[in-house]
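Chemist: got a predicted model here, sequence first, then my questions.
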Amino acid sequence: MDHTRVHDVVVVGGGPSGSACAYWLAEAGWDVVLVEKKHFPREKTCGDGLTPRSVRQLNDMGLGGALAGAHRYDGLRACAYGLSLELPWPEHPSFPSVGYVITRHDLDQIVAERAAKAGATVWEGAEAIGPILDPATAGPVGGVGAKAEVLPSCAGARVLDRDAGRNHEVRARYTVVADGANSRFGRALGTSRDRDYPMGMALRGYFRSPRHDEPLIESHLDIRNAAGDVVPGYGWVFPLGDGRVNAGVGILSVEGRWKGANTTQLMDAFIHWAPPSWELSPSTLCGPPTGGKLPMGLSVRPRIGPNVLAIGDAAGSINPFNGEGIAYGYETGRLAAACVARALSGEGVHALVDYESQLQAAYGLYFRIAREFVRLISRPDLMRICVRSGMHSRSVMAWLLRLMANLVRPDELGPAEAAYRVLTAIGRMTPG
Ligand SMILES: Cc1cc2nc3c(=O)[nH]c(=O)nc-3n(C[C@H](O)[C@H](O)[C@H](O)COP(=O)(O)OP(=O)(O)OC[C@H]3O[C@@H](n4cnc5c(N)ncnc54)[C@H](O)[C@@H]3O)c2cc1C
């Protein structure tokens, strides 16, 4: 690493969003440095489920072949109240009808290596300990007050080389914040999560299971807390095809409701009560379960500054409908790369402002509908009614799968599209 050079871009964090962003920038010929505090391969707490949206992005990065060793699955088995429905991935002109389950230990290394192969400098064991702020805008939010609309100007990152135990400055014309859900670097710049938005909390573990190579992932929509209430969330079992399954629980906190939910208790109850054929139990558990937060619906702001952008979980870009964040990491990383490339080519700050407009165009309305849906199901009585009635209709559940996985077709007017159009029309008319 030449520490005297001013790079075109520094990307902070080598998860799905950061590696995808670095890949697309390097592919376009820009000088990009990705700093990742850990060494690949490294664990990342996740359900490890890739939907067709993720698979599409991996294919676009030339990584379709790299998925050959991963466990392929064809759809979802939705279970609740003693009923189960098997729902294949829908056909869509822009996305393949296939998903994969692959550990983040393996997946994130593959994508980071792809970025390096495209020409990005991937610096592992390098922790960004803070932004290099322009003295004119120094202070956590550029001196503009506690709730700035934009991030301050940033000249790169101060980085701790964890292997050598030395600090360096990595200077760059543009900085991309991709340091995940906790986003210390983003918060040091002035990002914060809007607490009115839903927030997910999830816990997962790996279990040895005789059903490890099933062609469907399974979701349980009627998980309960200690009081016996059905909670807004789901339990999952995702087969990995290597003798193990990834099983866990996720719950949504909305407007303070369910905030104190105990995911360990929910997980214990789910493991106890999941179909015995999976053989989920403390004796098949491969290591202590780990958990994390899921910032959703573009809940983290601001996401742009004069020369800085936030992407992936650092921008709160997880889909509130299903807790999926890998695809949105890849997608926001790609959008950001295109805008930064335009900024570097002479458009400057206008291209970064356009990043925000493109985020709104791609996800604004959809996430707004998702937030309303989540608000609805955060009430145990409504959650119970929705799940109970949905489970009696294959077409309703097929529609829900399409909607929740963001796979509604723009070109067709089936029941899913018709219902979505009604929802979007209501969404457009509703203020706020
Ligand atoms: C329990 C659980 C289950 C989930 N299941 C799924 C699922 O099945 N499918 C799905 O699509 N999504 C799932 N998600 C969401 C998904 O994990 C995230 O949305 C996704 O990882 C976001 O990618 P990212 O690149 O933005 O952030 P991350 O994946 O968190 O990557 C951030 C990277 O930045 C690095 N980093 C952090 N700070 C610094 C720093 N200061 N300097 C340098 N590097 C730094 C980290 O080491 C990490 O590698 C789940 C989340 C949880 C918690």
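Modeler: All right, it came through fine. Here the structure is a predicted model, which means the values were calculated and not measured. Numbers count the residues shown, from 1 in each chain.
Chemist: all the strands of the stretch 1-150 of the chain, in order from the start?
Modeler: Assigned by DSSP state E, counting those that start in this stretch, the stretch 1-150 of the chain shows strands spanning 6-12, 32-36, 49-50, 71-73, 75-80, 83-88, 99-101, 121-124, 126-133.
Chemist: quick one, which of these is nearest to Thr175?
Modeler: With CB to CB as the measure, strand 6-12 is the member of the strands of the stretch 1-150 of the chain nearest Thr175 (5.4 Å). For every residue, glycine as well, the C-beta is placed using N, CA and C.
Chemist: the closest one: which residues count as buried?
Modeler: For strand 6-12, the neighbour count (16 or more other CB atoms under 10 Å) marks His7, Asp8, Val9, Val10, Val11, Val12 as buried.
Chemist: is the ligand contacted by it?
Modeler: Yes. Counting by CB under 6 Å from any ligand atom, the ligand is contacted by strand 6-12 at Val12.
Chemist: got the angle for that strand vs strand 126-133?
Modeler: Calculated by axes from the mean of the first three to the mean of the last three CA atoms, to 10 degrees, strand 6-12 forms an angle of 120 degrees with strand 126-133.
Chemist: now strand 6-12, how far from the chain's geometric center?
Modeler: Distance of strand 6-12 from the chain centroid (CA atoms, centre = their mean, to the nearest Å) equals 23 Å.
Chemist: try stretch 50-70
Modeler: Mean C-alpha position of stretch 50-70 versus that of the full chain (CA atoms, centre = their mean) differs by 16 Å.
Chemist: contacts for it, please.
Modeler: The contact list for stretch 50-70, computed with CB atoms under 8 Å, 6 or more residues apart in numbering, reads 16, 20, 23-24, 89, 92, 94-102, 106-107, 110-111, 114, 241, 324, 326-328, 330-331, 334, 405-407.
Chemist: among the residues you listed, which are within reach of the ligand?
Modeler: Restricting those to those near the ligand - CB under 6 Å from any ligand atom - leaves Pro16, Glu324, Ile326, Ala327.
Chemist: could you look up the SS state of the last one?
Modeler: This points to Ala327. In terms of secondary structure, Ala327 is helix; the call rests on DSSP: H, G, I helix; E, B strand; the rest coil.
Chemist: that one: how many residues sit nearby?
Modeler: 24 (other CB atoms under 10 Å).
Chemist: residues touching Val122, list them.
Modeler: With contact set as CB under 8 Å, 6+ apart, Val122 has these partners: Gly14, Ser19, Ala22, Leu34, Glu36, Ala112, Glu113, Ala115, Ala116.
Chemist: how many neighbours does the closest residue to it other than its chain neighbours have?
Modeler: Setting aside the residues directly before and after it, Val122 is nearest to Ala116 in space (CB to CB, 6 or more residues apart in numbering), at 4.4 Å. Neighbour count of Ala116, defined by other CB under 10 Å: 20.
Chemist: what pairs with the helix or strand containing Phe238, parallel or antiparallel?
Modeler: Using DSSP states H and E, the element containing Phe238 is strand 233-239. Partner strands and pairing direction for strand 233-239 (DSSP bridges) are strand 216-220 (antiparallel), strand 244-253 (antiparallel).
Chemist: burial of the closest residue to the ligand within the stretch 251-400 of the chain, as a residue count?
Modeler: Closest residue of the stretch 251-400 of the chain to the ligand, CB to the nearest ligand atom: Gly325 (1.8 Å). By the measure other CB under 10 Å, the count of residues near Gly325 is 27.
Chemist: wait, it sits on Gly292?
Modeler: No. Between Gly325 and Gly292 there is no contact under CB atoms under 8 Å: 10.1 Å.
Chemist: about what we covered before: just the closest of the buried residues of strand 6-12 to the ligand, please.
Modeler: Nearest to the ligand among the buried residues of strand 6-12: Val12, at 5.2 Å, using CB to the nearest ligand atom.
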